[in-house]
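Participant: Generate a structure from the sequence data that follows.
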Amino acid sequence: MNPEAGHVIDALPGMVWTALPDGSVDFVNQRWCEFTNLGAGESHGRGWHRAIHTEDLPEFVDRWRAIVASGEPGEIEARLQRFDGEYRWFLFRACPLTDEAGRLLKWCGSNSDIEDLKRAEALLVGEKRLFELVASGHPTSEVLDATCRLVESAASGFYCSVVLVNSTGTSLEHGAAPSLPASFIASIIGRPVNLDSGPCAMAACLNEQVIAPDLTTETRWAAYEWCPMALAHGLKSCWSTPISSGAGKILGAFALYDVEPRTPTPLDQDLIEQLTHIARVAIERQLSEDTLSRVRSELTRVASVQSLGVLTASIAHEVSQPLSGIITNANTCLRMLDADPPNVDGARATARRAIRDGNRASQVISRLRMLFSKKDAPTESVNLNQATREVIALLSSELKRNRVIVRTELADELPLIAGDRVQIQQVILNLLRNASDAMAGVNDRPRELLVRSQGDEGSVRLIVKDTGVGLDREGADRLFEAFYTTKSKGMGIGLSISRSIIESHHGRLWATPNEGPGATFSFSLPLQTEGMMSSDTGLDRGFATTHLSEGGFSEMRHSP
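Facilitator: Coordinates of the predicted model:
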């Protein structure tokens, strides 16, 4: 190559090289030498192999041989070592140079730095995976941990952590730090959110990024000896970025640490911005769910108080019966003992009846207290047909007053389900009352209410079909929203709570318009499986199984 041509090639902004027909390199330009720190002579032949990452070299050599054998243009991706020891991804392109007869004279090639492109592609894939984790409801700790690992894989040499701000905004809590020492994490958690306790606390306090490029010369946070602690763990730089909600509330801080002094580049800042956004989405989702769950819990309790008013009155009525029995039996027992001679056998039998009635009243009161407290109800085996009949019996007078004709089609030998009997009956009661209300203004056709049960694969279903006013198309999608109601005196929580109850039992509740007048509401619940309770528990165990009747609870059997 003549000197003038060599100067032109050396001036090109990329790496350029040529090789003989057998693939042996015979020329590299100055850009190659400057990047790899290999002289031109050192790179000739197969000397350039030393610049290729050892993990990439075998495949690279095989691909290069295949290109040489084919005589056709080709491309290879591999990591190339820079003069400072860092590896970057490059795209190697080679084209054949032939004479007029088509004989191969030489190979001409160029190398293009694609490190930033590879990083962007990896980040895009990683971001997609993180958003999938968020959307599918994975725990926030898992999402934050995956976020940190993505940063550490995309930016070699970094350690990443996320700290959260507690609910009062006064101190730091652990979020994620998959690669940092446990002792370092422990020294940060619990620190106050102020300007003096460390870069993460300062970033959260100021709501702005805090850069500490060299901890060996850093003078901030001396009062809490943060820098000596970080240096003791081998960390020499820290960049902390606040994580704030869409409303501006500080949620935590995102931190990157390096074992060498370092200032963030524009690419680093882009990476921080991307991953901080994902962390914010994950944390906000968690907070929205810790709030929604609390509201649902409270709504369930409120709905129990309102919707089970009739049930409560029935329970209260039932409590009065055993109490009256206790008083009567106690008086009878005293008279028998005062007799001359005392009737001991009669008194003993009467005392047993008083104990029975006392136990019964105690158990009914216990269930009543549980209904109106925040305690979890016991899980028991539930016969959906029996539970449905009890609710229909409870509402029979009300349905008759409303001129509702009830027709039941309950499947024979319906499998048992596991759940809270009272909550399931609350849903049934709510659906029956809603159906009755929907037919209150119907006068041109019979007010018919069909209640049907059936077995599905792995579940049982209850269907409540009315001939009422039907579903409003505009409001159909909002039926199960909390506080949405079409009733002038409704609270709009009955269907919302009903769906929450069914979903808490791993089932589903839905509504569909009828082909004719009215609407159909259905719910399905999974069958009782191995591992669930195989026999009745809770109130019914050990004293009596009860059922609802028009007059309240009536005893069906006593245990021995």
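Participant: wait, isn't Leu267 in contact with Asp116?
Facilitator: Yes. The pair Leu267 and Asp116 passes the contact test of Cβ atoms under 8 Å, sitting 6.8 Å apart. C-beta here means a position set from N, CA and C on the backbone, and glycine is covered the same way.
Participant: ok, the two, which is more surrounded?
Facilitator: When neighbours are counted by other Cβ atoms under 10 Å, Leu267 and Asp116 differ, and Leu267 comes out ahead with 14 against 11.
Participant: mean confidence for the helix or strand hosting that one?
Facilitator: Using DSSP states H and E, Leu267 sits in helix 266-307. Confidence for helix 266-307, expressed as mean pLDDT, is 67.
Participant: In its sheet, which strands sit next to the top strand by length along the chain, and in what direction?
Facilitator: Residue-count comparison of every strand in the chain, with assignments taken from DSSP state E, identifies strand 87-98 as the longest. Each strand that pairs with strand 87-98, with its direction, by DSSP bridges: strand 74-81 (antiparallel), strand 104-113 (antiparallel).
Participant: And the contacts of the last one?
Facilitator: Around strand 104-113, the neighbours that count as contacts under Cβ atoms under 8 Å, 6 or more residues apart in numbering are 14-21, 23, 32, 68, 71, 80, 88-99.
Participant: can you pull out the strands in the stretch 451-560 of the chain?
Facilitator: Shown for the stretch 451-560 of the chain, the strands assigned by DSSP state E, counting those that start in this stretch span residues 459-466, 508-513, 519-526, 544-549, 552-558.
Participant: Can you say which of the contacts of strand 104-113 are buried?
Facilitator: Among these, the ones that count as buried by 16 or more other Cβ atoms under 10 Å are 15-20, 23, 32, 68, 80, 88-90, 92, 94, 96.
Participant: just curious, which of the residues you listed is nearest to Val281?
Facilitator: Using Cβ to Cβ, the shortest approach to Val281 within these belongs to Trp89, at 29.3 Å.
Participant: what's the closest one in contact with, if anything?
Facilitator: Trp89 is in contact with Glu77, Ala78, Arg79, Leu80, Asp113, Ile114, Glu115, Leu117, Lys118, counting by Cβ under 8 Å, 6+ apart.
Participant: okay, now the domains of the protein?
Facilitator: Residue ranges of the domains in the chain are recorded as 3-113, 119-293, 307-371, 380-536, according to automatic domain parsing.
Participant: quick check: mean pLDDT across the first one?
Facilitator: This means domain 3-113. Throughout domain 3-113, pLDDT has a mean value of 88.
Participant: thought Ala154 was touching Gly126?
Facilitator: Yes. Under the criterion of Cβ under 8 Å, Ala154 lies in contact with Gly126, with a separation of 7.1 Å.
Participant: residue contacts, the residue lying closest to Ser498 once chain neighbours are set aside?
Facilitator: Setting aside the residues directly before and after it, Ser498 is nearest to Val427 in space (Cβ to Cβ, 6 or more residues apart in numbering), at 4.4 Å. Applying Cβ under 8 Å, 6+ apart to Val427 gives the contacts Ser498, Ile501, Ile502, Leu509, Phe523.
Participant: quick one: which of those is nearest Arg407?
Facilitator: Phe523 (18.8 Å).
Participant: Now do the closest residue to that closest one other than its chain neighbours against Ala253, distance only.
Facilitator: The spatial neighbour of Phe523 that comes closest, neighbours along the chain excluded (Cβ to Cβ, 6+ apart), is Leu509 at 4.2 Å. Between Leu509 and Ala253 the distance, using Cβ to Cβ, to the nearest Å, works out to 42 Å.
Participant: Neighbour count: those two, which is higher?
Facilitator: In terms of neighbours (other Cβ under 10 Å), Ala253 is the more surrounded of Leu509 and Ala253; the figures are 31 against 21.
Participant: which residue is nearest the centroid of the chain?
Facilitator: Residue closest to the mean C-alpha point of the chain, counted by Cα atoms, centre = their mean, is Gly137 at 2.3 Å.
Participant: Is that one in a helix, a strand, or coil?
Facilitator: For Gly137, the secondary-structure state derived from DSSP: H, G, I helix; E, B strand; the rest coil is coil.
Participant: How about Leu235?
Facilitator: Assigned state for Leu235: coil (three-state reduction, three-state DSSP).
Participant: how many other residues sit next to it?
Facilitator: Burial measure for Leu235: 20 neighbouring residues, criterion other Cβ under 10 Å.
Participant: Quick one: the helices in the stretch 1-150 of the chain, in order.
Facilitator: 3-11, 30-36, 40-43, 57-70, 115-135, 140-154 (DSSP state H, counting those that start in this stretch).
Participant: between these, which gets nearest to Ala232?
Facilitator: Nearest to Ala232, of all those, is helix 140-154, at 21.0 Å by Cβ to Cβ.
Participant: What's the first helix or strand after the closest one?
Facilitator: strand 158-165.
Participant: Note down every partner strand of that following strand and its orientation.
Facilitator: Strand 158-165 pairs in its sheet with strand 172-176 (antiparallel), strand 250-258 (antiparallel), by DSSP bridges.
Participant: most tightly surrounded among the ones you listed?
Facilitator: Each of those was given a mean neighbour count from mean count of other Cβ atoms under 10 Å, and the largest, a mean of 25, is that of strand 250-258.
Participant: How far away from the center of its chain is that one?
Facilitator: With Cα atoms, centre = their mean, to the nearest Å as the basis, the distance from the averaged C-alpha position of strand 250-258 to the chain average is 22 Å.
Participant: average pLDDT across it?
Facilitator: 89.
Participant: Repeat that for stretch 401-413.
Facilitator: pLDDT averaged over stretch 401-413 equals 91, rounded to a whole number.
Participant: Report the buried residues of that stretch.
Facilitator: Using 16+ other Cβ under 10 Å as the burial criterion, the residues of stretch 401-413 that qualify are Val404, Val406.
Participant: end-to-end on it?
Facilitator: For stretch 401-413, the separation between the terminal residues is 32 Å (Cα to Cα, to the nearest Å).
Participant: got a list of contacts for it?
Facilitator: Counting by Cβ under 8 Å, 6+ apart, the neighbours of stretch 401-413 from elsewhere in the structure are 385, 388-389, 392, 396, 399, 435-436, 439-440, 446-455.
Participant: Next, the residue of the chain positioned farthest from its centre: phi, psi?
Facilitator: In the chain, the residue that sits farthest from the middle, by Cα atoms, centre = their mean, is Asp340; the gap is 74.5 Å. According to degrees, to the nearest 10, the main-chain angles of Asp340 amount to phi -120, psi 100.
Participant: what's the answer for Asn514, then?
Facilitator: According to degrees, to the nearest 10, the main-chain angles of Asn514 amount to phi -80, psi 160.
Participant: cool, and Asn443?
Facilitator: With angles defined as degrees, to the nearest 10, Asn443 shows backbone torsions of phi -130, psi -10.
Participant: and it, how many residues sit next to it?
Facilitator: When counting by other Cβ under 10 Å, one arrives at 8 neighbours for Asn443.
Participant: distance of it from Leu525?
Facilitator: In this structure, Asn443 lies at 36 Å from Leu525, with Cβ to Cβ as the measure.
Participant: do Gln386 as well
Facilitator: Gln386 sits 14 Å away from Leu525 when distances are taken as Cβ to Cβ.
Participant: repeat for Ala438
Facilitator: 24 Å.
Participant: what's the answer for Tyr159, then?
Facilitator: If you measure Tyr159 against Leu525 using Cβ to Cβ, the figure is 48 Å.
Participant: same question, Ser112
Facilitator: Taking Cβ to Cβ, one finds Ser112 at 61 Å from Leu525.
Participant: ok so Ala418 is a helix residue?
Facilitator: No. Following the definition three-state DSSP, Ala418 is strand and is not counted among the residues of a helix.
Participant: What about it, how many residues nearby?
Facilitator: The criterion is other Cβ under 10 Å. On that basis, Ala418 has 20 neighbouring residues.
Participant: Kind regards, and thank you for your time.
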